[in-house]
Structure formats: C-alpha cells, structure tokens
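1. Got a predicted structure plus its sequence, pasted below:
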Amino acid sequence: MRVRFAPSPTGQLHVGNARTALFNWLLARGHDGTFILRIEDTDVERSTKESEASILEDLRWLGLEWDEGPDIGGGHGPYRQSERLHLYTSYANELKAGGHAYCCFCSPQKLEAERKADLAAGRPPRYHGTCRSLAPHDVQHHLDAGEKPVIRFKVPEHIDVTFRDLVRGDVTFNTDVIGDFVLVRSDGHPAYNFAVVVDDALMEVTHVIRGEDHISNTPRQVLIYRALGFAPPEFAHLALVMGPDHTPLSKRHGATSVSEFRERGYLPEALGNCLALIGWSPRSDAASAGAADELLPLGEMARRFSLEHVGHSAGIFDPEKLAWMNRHYMKAASSSRIAAESLRFFQARGFVRRRTDAALGYLESILPMAVGSVDRIEEIPERLAFLWSYDAAVALARPDVAHVLHEPGARDVIAALATAIAGPLLDRDAFRSVASRVKEQTGQKGKALFHPIRGAHLPPDTTVARIMSAAERARAFAAVAGTQGS
C-alpha cells in the first residue's frame, strides 16, 4: 500500500487538510504501507518556501513522519511538482500524439462569454470545443504567429465514467457535463488534474484519500489514467470538516490552522486525536476490548483505523472536545515537558527572563497548581500570575485576611514566620518544617497557627524574574501588619 499527502504551499496547514494527512498516515502505518509527502507547488504566484517549511513543521509536530518526500528523497522523486515539469511535458505530448489531447487558442474573453451564456441558459459551463477539430496546418499557423495555446483533454462524448469510492460506494458522472478540460496552461505549467495523475501513477500510489471537494475532479482523472494506460488507484473522499454551527470551518470559528493551535498551547496528541475522530469511529475488537473509545495514541489509532469505519456525513470540529482532550493529555504529560512547553508563555508575560535550569525547575514545581484547571498551556501563566503580583497591603485589605490579624497571637505568628523561612519552600515537607519552627517559637497551633500563615499568602521561592521569595513576602506582610493597630 502506498498513499500520499500532497499539500499546496500557499498558506498554513488547515486542520481539514491535517485530518486528510492523518487518515493517510493511519492507513499506511496500520497496513505496513508507505506514506509519501509531495509538494504541489505549480501555483507559481502563490507558492512559497516559507509555507512549505511551515507545513512540514506542522506535520512533524503532529507526529506524521513520512517515508518519502522533498526533504528526505525516495525512489520515486522528485517530490516537488516544480521539479517534475519535464515529466508533464512528456506525457502531454504523448496524449496529443495519441489523439487524446489538442492545442486550444481560444482567448480568455471568448471562454468567459461562453461560460456566461451557459449559465444564462441554465446549462453547466463547459468548453464548447472550438479548437477540438483544428487541422494541423491551422494549429501550426497559430503557433507561427506566436500564440501560446493551452492543451486540452479530448473528453469522449456521451459516456458514463464510474469509479468506486471506498467511503461512498459507486459514483458516476456523464461526460456530457464535463467538457474538454485543460491539461497544460499556456505558461507550460500543468493543471491540477493532469499533474496529480502523472504523479500518482509514477509514484505508484495505490490509494488516494482526500476531501470530498475533489469528487468532481475524479472522473477527469480516471479518463486521463485510461488514456495514458495507467490503472487508477482506489479512491476515498472524506466529508468536509464543519464548525459547530454546521458551516464549513473558517476563521469565524476561531483558530483553523495547525500552527494556530500550536501557538495557543495545545498538545499535538490532543489535536491529532480530536481530528481523527471527525468522521471516523474506531473499530472494536478483542485486542482493543476495554480500551478507551476516544482517547487513543497514534499507534493505537493506526492499528484500529479502516476506511470502512469512515462516515460520509460532514464531521464537526468541536472546540470543547479538543479542550477536554487537551486537559487529559496535559495531565498525563510529564511536568518537565509542560514546563518546557509553557516557558515561552511565561517569557511573553515577563515572568521569566531567560531559559535556565533554575527557571524550568521552578516552573515544574508550580505547574501542579494550574495544569488541572486550564484548557491549554497558554493559560497557565495567567492562572499562576498571583505568584508574581504579591502586594502585602492588598492582601491585608481583604476582609478575611484583616480579620485574622485580630485573632489572639496572630501577629506573633506572622512575625515569627518572617524569620523562620531560611530557604525556598518548594514542597510540602519544607513548608511543614517552617510551620513547626513557628509553632515552637510562638506556642500556637491549629487554626491559631495556620490562619495567619495562610493570610500571609506565601508562594514558593524561585530565581525567575520579578517574584519575591517566600521570606521576602513574609517580611513584607509582617512589616505592613505591624503598622496596623490591633
């Protein structure tokens, strides 16, 4: 089995396309097949190297490594269409020589007029065949005049083209609604339907899994396969990804690209898991009995994935479900990983100046206070912002804290606390040790001991930017408390 994902590097990787890549990867990995990455960059005006690099980075972030591709090579390259132009020229000439294609010199103005006439008459727009039967000497006359033709495929008339869709069953189109379509543009670059057939055939792709917006392209491609003598691959067209309001997922629904979800602090396993379940229901078998139906690692999804369990109804991208999954994977991840992932967000807030072992160690120690109550890593610094914004006067202004000061012995506890803290309070044992020293010094215990300590609002010590140590906070609180009458 050989499958491919073939993005166009004209922007960021949309989550709908990421799901297509994921389904191809799952099918290949589950059947010990080959996953190919091909870059379709023949849109010269819009394709960029920056977009290509971003797409590759996003795919790797999701864990979707490829077996053949533009950066690692393979036995069926090149893997960028811009490097395969000679192949398209060769096969276009073969189609012309075999009577399956011809040169067309119709102007854009003429084609637009025909399109409008068809629409006005209630007919599907299609090429009217003006140049279909040009004599060879007429073609040469146009060429000698310097005209640059497009090359059109000569679609057989009045026949049905049927292909088997692994998701939808048999699909049939009549050629009367297709018309002679363009294979090669006047600038020499191949049209999508032509290039994809040449590429898939030469790369020996066995299964083409893509979005349902390509269904109308498939009969054209089947005709090209037949004309070139290639056997078509098997096709599977996935329903589009919709937003919660059942309209096509777009910017109005919020983040829609993989890079946006990365920047907002979602984990790749959460996004991949969420995308996999849009339109696919994991099969159950003896080996998976008892396994969670929704929270599945990539390897388990690959083992259980099959096109037979992919639905043909539109799938809904649910941000709430993604948030739930992200919370799960954040809790399951190691503290060191979450600390490393969250560092950039702490730096953006000015809480951490630079990446150091001390800063990462401190972040790792405080994360348990936040990870269980946020949806994504981006929200962690805000949840812990109180550690960097302590103000003794503000703390004392709270009625519940001010009330503590009037309890017998409270001021003695607060004063003793300021001197009892000798180092960082990074864990429960360190705090208990300090509390024991204060208890011994003041003789207070129970509520009389812990209410004043709690009122002092002590955080752990650290070396990161602009955060007071526990001792500094205790001294500040004691100093302010001492200025207020009892």
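-> Received it, and whenever you're ready, just let me know what you need.
2. Which residue ranges of the chain form strands?
-> With DSSP state E, the ranges of strands along the chain come out as 2-5, 34-37, 101-104, 150-153, 160-165, 169-174, 182-184, 207-211, 234-238, 241-242, 315-316.
3. Could you check how far the spatially most central residue of the chain is from Gly243?
-> Geometric centre of the chain, nearest residue: Val258, 2.6 Å, by C-alpha atoms, centre = their mean. Distance, Val258 to Gly243, by C-beta to C-beta, to the nearest Å: 16 Å. From N, CA and C alone the C-beta is placed, and that goes for glycine too.
4. can you check Tyr88 too?
-> 37 Å.
5. Likewise for Arg262?
-> From Arg262 over to Gly243 the distance is 20 Å, taken as C-beta to C-beta.
6. Next: Pro7.
-> Distance of Pro7 to Gly243, computed by C-beta to C-beta: 21 Å.
7. of those two, who's got more company?
-> Using other C-beta atoms under 10 Å as the criterion, Pro7 and Gly243 rank with Pro7 on top: 23 against 17.
8. what stretches of this structure score poorly on pLDDT?
-> Counting by pLDDT under 70, the chain shows low-confidence ranges at 284-292, 390-396, 400-402, 422-428, 454-486.
9. at 80 instead, please
-> The chain contains residues with pLDDT under 80 at 250-255, 283-293, 386-407, 410, 414, 417-419, 421-431, 445, 447-486.
10. Lys110: how many residues sit nearby?
-> Lys110 sits with 12 neighbouring residues when counted by other C-beta under 10 Å.
11. actually Ala415, not the one I typed
-> Ala415, neighbours per other C-beta under 10 Å, totals 21.
12. how close does it sit to Pro408?
-> 14 Å.
13. which residues does the closest residue to His100 other than its chain neighbours contact?
-> Nearest non-adjacent residue to His100, counting by C-beta to C-beta, 6 or more residues apart in numbering: Ala227, 4.2 Å away. Residues in contact with Ala227 (C-beta atoms under 8 Å, 6 or more residues apart in numbering) are 95, 98, 100, 153.
14. neighbour-wise, which of the residues you listed leads?
-> Phe153 (24 neighbours).
15. what about the residue nearest to Arg355 when sequence neighbours are not counted, neighbour count?
-> Distances taken as C-beta to C-beta, 6+ apart put Leu343 closest to Arg355, at 6.0 Å, once the chain neighbours are dropped. For Leu343, the tally of surrounding residues (other C-beta under 10 Å) stands at 20.
16. cool, and Ala397?
-> 11.
17. now it: how far from Trp388?
-> According to C-beta to C-beta, Ala397 and Trp388 sit 19 Å apart.
18. and if you look at Asn17?
-> Applying C-beta to C-beta, the value for Asn17 to Trp388 is 40 Å.
19. When these two are compared, which one has more neighbours?
-> Of the pair Asn17 and Trp388, Asn17 is the one with more neighbours under other C-beta under 10 Å, namely 23 against 19.
20. Next, the contact list for the more buried one, please.
-> Going by C-beta under 8 Å, 6+ apart, Asn17 touches 7, 211.
21. Quick one: end-to-end distance for stretch 91-107.
-> Terminal residues of stretch 91-107 are spaced 25 Å apart (C-alpha to C-alpha, to the nearest Å).
22. in it, what counts as buried?
-> For stretch 91-107, the neighbour count (16 or more other C-beta atoms under 10 Å) marks 91-92, 95-96, 100-106 as buried.
23. Stretch 109-120 too?
-> If you call a residue buried by 16+ other C-beta under 10 Å, then stretch 109-120 has these buried ones: 111, 114, 118.
24. Equivalent analysis for stretch 20-33, please.
-> Neighbour-count burial for stretch 20-33, counted by 16+ other C-beta under 10 Å, picks out 20-30, 33.
25. do stretch 209-219 as well
-> Buried residues in stretch 209-219 (16+ other C-beta under 10 Å): 209-210, 212, 214-215, 217-219.
26. again, but for stretch 52-61
-> Neighbour counts over stretch 52-61 (16+ other C-beta under 10 Å) mark 52, 54-56, 58-59, 61 as buried.
27. Could you do stretch 342-358 as well?
-> Of the residues in stretch 342-358, 342-343, 345-347, 351-352 count as buried by neighbour count, 16+ other C-beta under 10 Å.
28. and what of stretch 271-283?
-> Buried residues in stretch 271-283, counted by 16+ other C-beta under 10 Å: 271-280, 282.
29. now, among those, which is nearest to His128?
-> Closest to His128 out of the buried residues of stretch 271-283 is Gly279 (39.1 Å), distances taken as C-beta to C-beta.
30. beta partners for the residue nearest to the closest one when sequence neighbours are not counted?
-> Spatial nearest neighbour of Gly279, excluding adjacent residues (C-beta to C-beta, 6+ apart): Gly315 at 3.8 Å. Gly315 forms beta bridges with Val241, as assigned by DSSP bridges.
31. what does Val208 give?
-> Residues in beta-bridge contact with Val208 (DSSP bridges): Phe235.
32. Could you report the neighbour count for it?
-> Applying other C-beta under 10 Å, we find 21 residues neighbouring Val208.
33. cool, and Ser90?
-> Count around Ser90 with other C-beta under 10 Å applied: 10.
34. before we move on, back to that, turn the buried residues of stretch 109-120 into TSV, columns for distance to Lys148.
-> Shown next, in TSV, are those (distance: C-beta to C-beta, whole Å):
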residue	distance to Lys148
Leu111	15
Glu114	20
Asp118	25
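35. Just give me the closest of the residues you listed to Glu378.
-> Of the buried residues of stretch 109-120, the one sitting nearest to Glu378 (C-beta to C-beta) turns out to be Leu111, at 49.2 Å.
36. any idea how far Asp213 is from the closest residue to the closest one other than its chain neighbours?
-> Once flanking residues are discounted, Leu111 sits nearest to Tyr127: 7.3 Å by C-beta to C-beta, 6+ apart. For Tyr127, the distance to Asp213 equals 21 Å [C-beta to C-beta].
37. Show me where the stretch 1-150 of the chain has its helices.
-> Remark: helices assigned in the stretch 1-150 of the chain by DSSP state H, counting those that start in this stretch are 15-30, 49-61, 85-97, 108-120, 136-144.
38. Ok, the stretch 151-300 of the chain next?
-> Listed in chain order, the helices of the stretch 151-300 of the chain (DSSP H, counting those that start in this stretch) span 192-202, 218-228, 258-263, 268-276, 298-304.
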